[in-house]
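Colleague: Structure, please.
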Amino acid sequence: QSAPLLCWQGKHGEKTITLAQTGVGKVHAAAAAQQVIADYRPDAILSCGTAGSLRPHARIGDIVPAVSTMQHDYGFLLPETFIPFGFHLRRTRGKALFVREFPADPTLLHAAETLDAEQFRFYSGKIVSGDQVIFSAAKRATLAQQFQAIAVDMESAAIAQICAIHQIPFLAVRGLSDFADESSFPLDVSKIDLNEVGESASGSFGGKLSMLAKTVSYFARHPAAFR
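Modeller: You can find the predicted model right below:
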């Protein structure tokens, strides 16, 4: 494959499955989707990974197939409100086509919603995407109310937009990694070095694995610290 995208391939029956590691954020996701389309010409694309819950009674590990996806940080920020802006995709019969959200492919969505997996809880809804990691319960409540969304991530809507441009069937399927409030990830911001966080987030994949290994090793020796 073309550098720098990391891809793996395998077989499921007669189908070839390509797994691409997009990286974090909408730009990485869109670039990866474009490269996958150019290199592999897929019949369909799925956006898989984790998402933050916007639903009060959701549980960690619940699965959300997205009925539609939308960018929550693309638009006009006015003094008292935010107005989402539409994307100009193409001209149809001489008219410009603008869309604010991208519906899932109905066949893929139906397959996800009817999957027999008793060990998971499934519920469909809208996923919104933006270039922000949101640990604010107030912000999550605002996103849920303004966009009628049930989960938030950083990639799905960007991939959906690329798929819409190329008219490739798309579905986002995300597992919830935390609760809608802040109880699942308490942060003591006084102990956070923002420069260190930024350097870590933008570091190499190998560096991230090294940090993960160190973290796992620490908790293995200090299990009481995990809470």
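Colleague: Strands of the chain, residue ranges please.
Modeller: Remark: strands assigned in the chain by DSSP state E are 6-12, 15-21, 45-53, 63-71, 75-77, 82-84, 87-92, 95-99, 101-103, 125-129, 149-153, 170-178.
Colleague: By mean pLDDT, show me the worst of these.
Modeller: Confidence, taken as mean pLDDT, is least for strand 87-92 of these (a mean of 64).
Colleague: circling back to that earlier point, wait, which of the strands of the chain is closest to residue 37?
Modeller: Residue 37 lies closest to strand 45-53 among these, at 7.7 Å (Cβ to Cβ). C-beta here means a position set from N, CA and C on the backbone, and glycine is covered the same way.
Colleague: For that closest one, which outside residues touch it?
Modeller: With contacts defined as Cβ atoms under 8 Å, 6 or more residues apart in numbering, strand 45-53 is touched by 29, 33, 36-37, 60, 62, 64, 69, 108, 127, 134, 140, 150-153, 155-156, 159-160, 163, 168-180.
Colleague: Output that strand as PDB, nothing but the C-alphas.
Modeller: Only the C-alpha atoms of strand 45-53 are listed here, as PDB (Å, rounded to 0.1, in the frame of the first residue of the first chain):
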ATOM      1  CA  ILE A  45     -16.200   1.100   4.200                       C
ATOM      2  CA  LEU A  46     -16.800   0.800   8.000                       C
ATOM      3  CA  SER A  47     -15.600   3.200  10.600                       C
ATOM      4  CA  CYS A  48     -14.900   1.100  13.700                       C
ATOM      5  CA  GLY A  49     -13.400   2.100  17.100                       C
ATOM      6  CA  THR A  50     -14.600   3.800  20.300                       C
ATOM      7  CA  ALA A  51     -16.900   6.700  21.000                       C
ATOM      8  CA  GLY A  52     -18.000   8.800  24.000                       C
ATOM      9  CA  SER A  53     -21.500   8.300  25.100                       C
END
